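Novice: fold the following for me, if possible:
(3 chains, ligands or ions: 3)
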Amino acid sequence: MILQKTLAKSPRLEAWMELLELASGLFLLGFLQFHLFNVSSIILGPAYFDHDHNWMVYTGIPLVVLAIGVHGVVAMRKAPWQFQEARIFLQHSKRLAHLDTWAWLVQIITGFLVLILAAIHIFSVLHNWPIEAVKSTARVQGGYFSFLMLLLLVAEIHAMVGLYRIMVKWSWYKRQKFTPYLVYSTMFFVGLGFITLLVFYFRSLPKGLS
Amino acid sequence: MKWSDAHISEVLVIGAGLAGERVAIEAALNGHEVTILSLVPPRRSHSTAAQGGMQASLGNVAMGYGDNPDIHFEDTVKGSDWGCDQEVARLFVELAPVAVRQMSHWGVPWSRVVAGKKTLPDGTEIEDLAEKAGLIAQRQFGGTAKWRTCFAADGTGHVLQYAMDSVVTKLGVTIHDRMEAIRLIHNGQTCYGAVALCLRTGTLRPYLAKAVVIATGGYGRIYGTSTNAVINEGTGMGLALDTGVVPLGNMEAVQFHPTGIVPANILVTEGCRGDGGYLLDKNLHRFMLDYEPVKKEVASRDVVSRWMLHHIHRGFGVDSPYGPHLWLDIRHLGAEHICTNLREVQTICKNFLGCDPTESLIAVRPTQHYSMGGVRTNRDGGAYGLKGLFAAGEAACWDLHGFNRLGGNSLAETIVAGMVVGEKVADFAREQSLSFPFALVVEAVAAQQQRLDDLRSHLGGSEDVFALRRRMEETLLDKVGIFRTGPALTEAVATLEDLYQRAANLRLRSSGIGPNPELFAALRLPGMLRLALCISQGALQRTESRGSHYREDYPKRDDENWLTRTLAYWPPGAEMPELKYEPVNITTLPPGSRGYGEMAITGD
Amino acid sequence: MAERLLTFDIFRYNPATPEIPPRMQEFQLEETVGMSLFIALNRIREEQDPSLMFDFVCRAAVCGSCGMLINGRPGLACKTLTQDLGEKITLMPLPVFKLVGDLSVDTGVWFRYLNVRTEAWIHTDQVFDPKGLEERMDNPTAHRIYEAERCIECGCCIGACATANMREDFIGAAFLNRIARFLIDPRDERPAAHIFEVVGTDEGVFGCIGLMACDDLCPMEIPLQGQLAYVRRKMALVALRGK
Ligand SMILES: Cc1cc2nc3c(=O)[nH]c(=O)nc-3n(C[C@H](O)[C@H](O)[C@H](O)COP(=O)(O)OP(=O)(O)OC[C@H]3O[C@@H](n4cnc5c(N)ncnc54)[C@H](O)[C@@H]3O)c2cc1C
Ligand code: HEM
Ligand code: FES
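Specialist: Ligands and ions are numbered 1, 2, ... in the order given. From the prediction side, this is the model:
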């Protein structure tokens, strides 16, 4: 027995952390795709985009901010924080030349990027409240196109690699079986997001707002 | 050397294979403090390589109904060509079922009986009864009247060793791996322990104990091409021989397995033939039908190997860059059977031959496989000539196998002998008090240290370890193989004698510092050559054919003159072994016909 | 096949001579038909440098002695054929395990320690009856246990695992698979909660981040992804049930 370790040990803490990672990841994943579908309603026209969804936004945004906070903490707990660990991890990944191992680095980097980009994104939306097709169009055309494209890519990659990891860690299915479907869905979501952005970009704005 | 350098326990087991670990368990269960030495971590011992199975007369499967220890006894004695000790064989067949069931209790996932009707490859309909469902399943092996070989899919030895080692771990038995015993400490009457060489550092350490057990497995590697692991160099038997007072029994009895793959010399299990595989020649003709119309491919190993080589000699072998070979055909057993019960075979073919046995033939040839001979012991496992020294497993000549071992009897032997000998060791250690003659220990360590120092200082002659070793391997393979003749054996003995003298003048090419493989090889070589000489000399003197020992110039078994066991001694400083003979113990089954291998091999 | 001249770049270090630092050393060897790394390394030892340390036992891919990094990836040297590799072959010892010398590492002590820590043996109150029949088991269950029991403790999954490389305490795929073996086995009477203490932690299954190098590189092709997920679900259930 080693005193400090034994005292610090809480029997189920580590299991709970893992479950929290799973839950927050799944929740954010659900939110992300749901959000994307909502936004993509612009493809059908502003009427579909602008219908009343305040209740969702008012509960959703705080929840998402909370979830990102929780998820960020629990998911980042295993990252190679120490310099030596990071070096070991990098050298190991290089030697091994193994896609899944590199994917973890991608996950950590995209996670960080999402944190920053999403913060900016949420801030810019809140700053110009409420959400309306016109305002969004103005934002996209006013220089946010590439920013949102980057966020879309980074968030989708992070989320779908995350989903892959969850399936690998928890599911009954062989990863060789489900990987192609995940790749197709990622392409679908990125494509949908891209088209949505294009629609925003090429929509004509009422005078005075551009 | 200081006293504090010595490792002291009550029982010292040299070898962590199935036999060694089973002895250790029995001694530990009897309250003794046990230490095991091994060249490698226990789970890497060669026992793990056994794929086929373990014999015990459970009579659980349709083709085994009615089986009992008596029939197992008869098969074993016939298999041994009446060379075995019948009292030992009797003891063994009674205990084998207990051993199998105990291993199940300890966690071995034996394959189990599935009830229902089945059709064998030859068209026979059989039915496994519902009342036997879930009991341990059994398959056919060569030379047996009933299906008796218990198995765990394709990795019987592996799961047995893992289960055994899990019990050893549970009991907290001390294990020092990468520790090679290189000399016994004894005074000509009593054994006090062993000097061991640490293979991590190249340093020496004495291990002292009341009882010492040799369970070091076989010596296949002195033949070079062998199915054995590369650590099977016979160093354990060498320990006993070097004492000068302990004899090795029946060293000329060397088993060749019919199906070593060409060219990697890796064994594919007897289960292939037991389950219905065929042997084919270059015309894809099933030649065993001609030689053994009744037993066909499942006659005993010595017989099948002999016919195979004979058939090759007659010009029916398949030519290859690695010499002629024959084919093993298991395609007709079906992909499902091959992928479950013979998966290891499939993997081996894939990895080492680049072929798939569900679709193609497997190139095979008889390959050195098993040593029936070993440290001669009495029924209790006590070595002849030295108090406190015991032996078990393949390293021992307990004499269950005589001149030919049946497939599946060896795994069973390691465990049964482990139980029996372990108990005797425990009894012995209980009666003995712990005391060691200090001077003897110091002297033994110093002598070994001198050997190390001499080699490391490069003072010796000019002989190269690997070159001499290669020569020994070739000699044994060419001249002391399946077919033996007086002139070839005489030559072999002369060559080996010469090599033995040259081995006194080894010179290392490397520094020899630390865990140096060349140094280790140099230390082992003289002992290996002594074994080689015991084998060749024994084979030369035995002017008859019995079991695996086949003399072309004396093709008949000669019970009048040779119903004996060879005992090879190596008196200190001698150049050659001294052979003595003792009668074989016959209790209930007098010598007779084996029912296979009768047809004379003619030189056409 | 064209005769190739192979170049081996081999990690060298002898702990008995610490004054010579770890280094890579080149050896050249003419390739022969069907050459495996077992054959190649032995030839290098016998013909070029007899002090070269490496481990082989069964040389048939069943004992697990010869795990090493072959061009950076863990694998069994005895079953690796040179024809499947390029002309330049880099060999290094497995990481994580203590180095014995050159390509040889001490997997034995590591595995024994974890076998003790995870109490990897059958726990039962039943007493063996030498006169009785064996307890029955259905064949599919026996096969499922066997599937997990096939692990040869070669350490390739450990060497391949980023977590095991970074964190010393992590028990790795080999032991998570071993735990699965005992969870499946009806003869082991341990309650899952008992196993949870060792395995339901970050040193155990929750330390695994699912990088699956173990699953990709296991020489025995044990379905490690499935085995690990099985243990993870079991352990999560224990945590959720609070018992
Ligand atoms: C490929 C193959 C397949 C086989 N298949 C079957 C089968 O299907 N059925 C069957 O019944 N039999 C089979 N056999 C035979 C059987 O596996 C062996 O005879 C048996 O396992 C030997 O067990 P053992 O415990 O005596 O020795 P081993 O398992 O060989 O163990 C020897 C131990 O001694 C140690 N050791 C050796 N020398 C020293 C030393 N000097 N100092 C310290 N330690 C030392 C080693 O490290 C090792 O731990 C097969 C054999 C081979 C080669
Ligand atoms: C749109 C928002 C996000 C979504 C949809 C999302 C989704 C996921 C998912 C599903 C996982 C897999 C969880 C698991 O393996 O159990 C994951 C892992 C991860 N996430 Fe996120 N995440 C998001 C935001 C973030 C943010 C903001 C960060 C950083 C602060 C982050 C950092 C990580 C890290 C480091 C991992 C890897 C954890 C591991 O494998 O151990 N994520 N994410
Ligand atoms: S030597 Fe046994 S696995 Fe390679």
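
Novice: count the neighbours of the closest residue to C:Pro21 other than its chain neighbours for me.
Specialist: Take C:Pro21 and drop its neighbours on the chain: the residue closest to it by CB to CB, 6 or more residues apart in numbering or on different chains is C:Tyr13, 7.6 Å away. C-beta here means a position set from N, CA and C on the backbone, and glycine is covered the same way. Residue crowding around C:Tyr13 was assessed by other CB atoms under 10 Å in any protein chain shown; the count is 18.

Novice: state the pLDDT value of C:Tyr13.
Specialist: The model reports C:Tyr13 with a pLDDT of 97.

Novice: again with B:His7
Specialist: 96.

Novice: stretch B:225-244 close to chain C?
Specialist: Yes: in this structure, stretch B:225-244 sits against chain C according to CB under 8 Å from any CB of the partner chain; the contacting residues are B:229-231.

Novice: of these - the most surrounded one?
Specialist: Highest neighbour count within the residues of stretch B:225-244 next to chain C: B:Ala229, with 27 neighbours (other CB under 10 Å).

Novice: now do the strands in the stretch 351-500 of chain B.
Specialist: When assigned using DSSP state E, counting those that start in this stretch, the strands of the stretch 351-500 of chain B occupy the ranges B:362-371, B:374-376, B:389-391, B:396-397, B:483-484.

Novice: okay, those strands in JSON lines with distance to ligand 2 and mean neighbour count next?
Specialist: As requested, the strands of the stretch 351-500 of chain B are exported to JSON lines (distance: least, CB to the nearest ligand atom, whole Å; neighbours: other CB atoms under 10 Å in any protein chain shown):
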{"stretch": "strand B:362-371", "distance to ligand 2": "45", "mean neighbour count": "26"}
{"stretch": "strand B:374-376", "distance to ligand 2": "55", "mean neighbour count": "29"}
{"stretch": "strand B:389-391", "distance to ligand 2": "54", "mean neighbour count": "30"}
{"stretch": "strand B:396-397", "distance to ligand 2": "54", "mean neighbour count": "30"}
{"stretch": "strand B:483-484", "distance to ligand 2": "64", "mean neighbour count": "20"}
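
Novice: the residue nearest to C:Pro21 contacts C:Arg23, doesn't it?
Specialist: Yes: here C:Tyr13 lies in contact with C:Arg23, judged by CB atoms under 8 Å, at a distance of 7.4 Å.

Novice: and the strands in chain C?
Specialist: With DSSP state E as the definition, chain C shows strands at residue ranges C:5-12, C:23-30, C:67-70, C:73-76, C:88-92, C:98-101, C:104-106.

Novice: the bottom helix or strand of the chain by mean pLDDT?
Specialist: Defaulting to chain A. For chain A, counting by mean pLDDT, DSSP states H and E, helix A:46-49 ranks last in confidence among helices and strands (a mean of 74).

Novice: wait, chain C was what I had in mind.
Specialist: Ranked by mean pLDDT, DSSP H and E, the weakest helix or strand in chain C is helix C:192-199, scoring a mean of 90.

Novice: related to what we said a few turns ago, who wins for proximity to chain A among the strands of the stretch 351-500 of chain B?
Specialist: Taking CB to the nearest CB as the criterion, chain A comes closest to strand B:362-371 out of those, the separation being 29.4 Å.

Novice: which neighbouring elements make contact with that closest one?
Specialist: Other elements packing on strand B:362-371 under the criterion 3 or more CB pairs under 8 Å, 6 or more residues apart in numbering or on different chains; DSSP states H and E are strand B:254-261, helix B:301-311, strand B:326-329.

Novice: give me the below-cutoff pLDDT ranges for chain C.
Specialist: In the predicted model of chain C, residues C:1-2, C:243 satisfy pLDDT under 70.

Novice: which parts of it sit against ligand 2?
Specialist: Applying CB under 6 Å from any ligand atom, we find that chain C lies next to ligand 2 at C:Ile209.

Novice: quick check: nearest residue in space to the residue of chain A found nearest chain B, chain neighbours excluded?
Specialist: Distances between chain A and chain B by CB to the nearest CB are smallest at A:Lys174, namely 17.4 Å. Leaving aside its chain neighbours, A:Lys174 sits nearest to C:Gln225 (6.7 Å; criterion: CB to CB, 6+ apart).

Novice: so how far is C:Gly204 from the one you found?
Specialist: 17 Å (CB to CB, to the nearest Å).

Novice: these two - which one has more neighbours?
Specialist: Neighbours were tallied for C:Gln225 and for C:Gly204 using other CB under 10 Å; the higher tally belongs to C:Gly204 (26 against 22).

Novice: that one against C:Ile171, yeah?
Specialist: Yes: with contact taken as CB under 8 Å, C:Gly204 and C:Ile171 are classed as touching, separated by 5.7 Å.

Novice: is B:Leu248 in a bridge, and if so with what?
Specialist: In this structure, B:Leu248 has beta-bridge partners B:Val375, B:Ala568, where bridges are defined by DSSP bridges.

Novice: so what's it up against?
Specialist: With CB atoms under 8 Å, 6 or more residues apart in numbering or on different chains as the criterion, the residues that contact B:Leu248 are B:237, B:240-241, B:373-376, B:397, B:531, B:534, B:567-568.

Novice: apply 7 Å and report the result again.
Specialist: With contacts defined as CB atoms under 7 Å, 6 or more residues apart in numbering or on different chains, B:Leu248 is in contact with B:237, B:240-241, B:373-376, B:397, B:534, B:568.

Novice: got those as TSV, with distance to ligand 1 columns?
Specialist: As requested, these are exported to TSV (distance: CB to the nearest ligand atom, whole Å):
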residue	distance to ligand 1
B:Met237	9
B:Ala240	11
B:Leu241	12
B:Gly373	12
B:Gly374	9
B:Val375	11
B:Arg376	15
B:Cys397	12
B:Cys534	17
B:Ala568	19
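
Novice: sorry, back to before: quick one, what contacts the residue nearest to A:Lys174?
Specialist: C:Gln225 sits next to A:168, A:174-175, C:212, C:215 when contact means CB under 7 Å, 6+ apart.

Novice: sitting in helices, which of the residues you listed do you find?
Specialist: Within the contacts of C:Gln225, residues falling in helices by DSSP state H are A:168, A:175, C:215.
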